[in-house]
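# Okay, sequence plus prediction incoming.
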Amino acid sequence: MDKVQKSFYGLQFRIAFLEKKGTEFQDWFCKLASYAWGEDFEAVRPYGSQGDFKCDGRRISTRAIIQCYAPLATRENPLNKKIREDFLGAKEHWPNMAQWIFVFNDNSGLPPTSIQLLDRLRAENPDIDIHLWTEAKLRGLAEAMPAHAWEDIFGLAPSQDRFESLALEDIQPLIEELARLEPKPGQEPLDPPSVEKLERNALSADAAELLKLGRRKEALVEKYFQNAVLPDLGERIAVAFRHRYAQLKADALSADQIFSELQRFTDMADSPARQGAALAVLSYYFERCDIFEDANEEAT
């Protein structure tokens, strides 16, 4: 994979980690582990009344039993109950267990009582290595996958060469579709953003890299608007972006989630050419303060 594809897939990975819940998260982890570890990994599924013996998957070489937990909302008591019951159940059903890995999809950290619980379990079971895996560990697991696995899981991604060859005819269909939204023109200013805007919005390195990449083709977007029959076409689309951004921000999504939703808003998942065009359009409006906050704005 080249740099563009790595950034694209890196962002897709982070959004999947944040948004997948319950069984969907468990299935996603098993795909990552299967591609990364091959035959060294075995997924485990519930069977009848027996359940899954407190194991979502195991790594044969390290005798690791793995349990995933991705609730809709993290609550302290259910979390601690889940940790204790899953560990003790795995210890009972898999007596040769040498590692126990608890895969958790909340990057904000565990409550102190959960940390204390893990410490007690480690002290009481010195022959078993107990690990907590969150996004960073899963990202490392994903990076061990072969290149084709990323496409299998996350779909096509634009390459550096394909993006560099992006032309006006690639931009035109996307803008024409956005124009059909027919928003009413607004009066918001189009001041250029400060150089600190990326940091101000706490975008990840992958999202920032994609926006920087999009800047290289902003001129195509600007050229299209300059030659458009409707002189206010750019502003009409800008209003649609502002409105969608305001909705997403009101939902208290992270910056990367908002960026990903704006990608979906432009319907970028059609082809690598379409994805490249969407990045150019998003960068165009990002640089003009139509989406995300400028660095000189007060935090709210």
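Okay, I see it. Residues are numbered from 1 along each chain as shown.
# ok, which stretches of the stretch 101-250 of the chain are helices?
According to DSSP state H, counting those that start in this stretch, the stretch 101-250 of the chain carries its helices in the segments 112-124, 135-143, 147-154, 160-164, 168-179, 197-200, 205-215, 218-227, 233-250.
# per-residue confidence averaged over the shortest one?
Yep, that's helix 197-200 we're talking about. For helix 197-200, mean pLDDT rounds to 68.
# quick one, phi/psi of residue 100?
Main-chain torsions, residue 100, degrees, to the nearest 10: phi -130, psi 120.
# hang on, the earlier thing: take the helices of the stretch 101-250 of the chain and lay them out in TSV including distance to residue 76 and mean neighbour count.
For the C-beta atoms, the positions are set from N, CA and C on the backbone; glycine is no exception. As requested, the helices of the stretch 101-250 of the chain are exported to TSV (distance: least, CB to CB, whole Å; neighbours: other CB atoms under 10 Å):
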stretch	distance to residue 76	mean neighbour count
helix 112-124	6	13
helix 135-143	20	15
helix 147-154	32	15
helix 160-164	46	16
helix 168-179	44	17
helix 197-200	33	18
helix 205-215	31	19
helix 218-227	47	16
helix 233-250	27	18
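# Could you export those to a markdown table, including columns for distance to residue 35?
As requested, the helices of the stretch 101-250 of the chain are exported to a markdown table (distance: least, CB to CB, whole Å):
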| stretch | distance to residue 35 |
| --- | --- |
| helix 112-124 | 28 |
| helix 135-143 | 8 |
| helix 147-154 | 4 |
| helix 160-164 | 23 |
| helix 168-179 | 31 |
| helix 197-200 | 31 |
| helix 205-215 | 20 |
| helix 218-227 | 36 |
| helix 233-250 | 31 |
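# Of all those, which one comes closest to residue 53?
The closest of the helices of the stretch 101-250 of the chain to residue 53 is helix 112-124. By CB to CB, the value is 18.0 Å.
# ok so, going back, quick check: which of the helices of the stretch 101-250 of the chain is nearest to residue 89?
Proximity of the helices of the stretch 101-250 of the chain to residue 89 was assessed by CB to CB; the nearest stretch is helix 112-124, lying at 12.6 Å.
# Report how many residues lie close to residue 99.
For residue 99, the count of nearby residues is 15 (other CB atoms under 10 Å).
# Against residue 57, how distant is it?
Counting by CB to CB, to the nearest Å, the gap from residue 99 to residue 57 is 12 Å.
# Read off the pLDDT value for the residue located most distally from the centre of the chain.
The outermost residue of the chain, judged against the average C-alpha position, is residue 229 (37.5 Å), by CA atoms, centre = their mean. pLDDT, residue 229: 77.
# ok, it to residue 179 distance?
From residue 229 to residue 179 the distance is 10 Å (CB to CB).
# How about the backbone phi and psi for the residue farthest from the centre of the chain?
Torsion angles at residue 229 (phi, psi; degrees, to the nearest 10) stand at phi -70, psi -40.
# Kindly format the C-alpha coordinates of the host helix or strand of residue 280 as PDB.
Using DSSP states H and E, residue 280 sits within helix 272-287. Taking Å, rounded to 0.1, in the frame of the first residue of the first chain, the C-alpha atoms of helix 272-287 are listed here in PDB:
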ATOM      1  CA  PRO A 272     -11.200   5.300  -6.200                       C
ATOM      2  CA  ALA A 273     -11.800   8.100  -8.700                       C
ATOM      3  CA  ARG A 274     -14.900   9.200  -6.800                       C
ATOM      4  CA  GLN A 275     -13.100   8.900  -3.500                       C
ATOM      5  CA  GLY A 276     -10.400  11.200  -4.800                       C
ATOM      6  CA  ALA A 277     -12.900  13.700  -6.000                       C
ATOM      7  CA  ALA A 278     -14.700  13.600  -2.600                       C
ATOM      8  CA  LEU A 279     -11.400  14.400  -0.800                       C
ATOM      9  CA  ALA A 280     -10.800  17.300  -3.100                       C
ATOM     10  CA  VAL A 281     -14.200  18.700  -2.400                       C
ATOM     11  CA  LEU A 282     -14.000  18.200   1.400                       C
ATOM     12  CA  SER A 283     -10.600  19.800   1.500                       C
ATOM     13  CA  TYR A 284     -11.900  22.800  -0.500                       C
ATOM     14  CA  TYR A 285     -14.700  23.500   2.000                       C
ATOM     15  CA  PHE A 286     -12.500  22.600   5.000                       C
ATOM     16  CA  GLU A 287      -9.900  25.300   3.900                       C
END
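# what angle separates it from helix 168-179?
Helix 272-287 and helix 168-179 are oriented at 60 degrees to each other (axes from the mean of the first three to the mean of the last three CA atoms, to 10 degrees).
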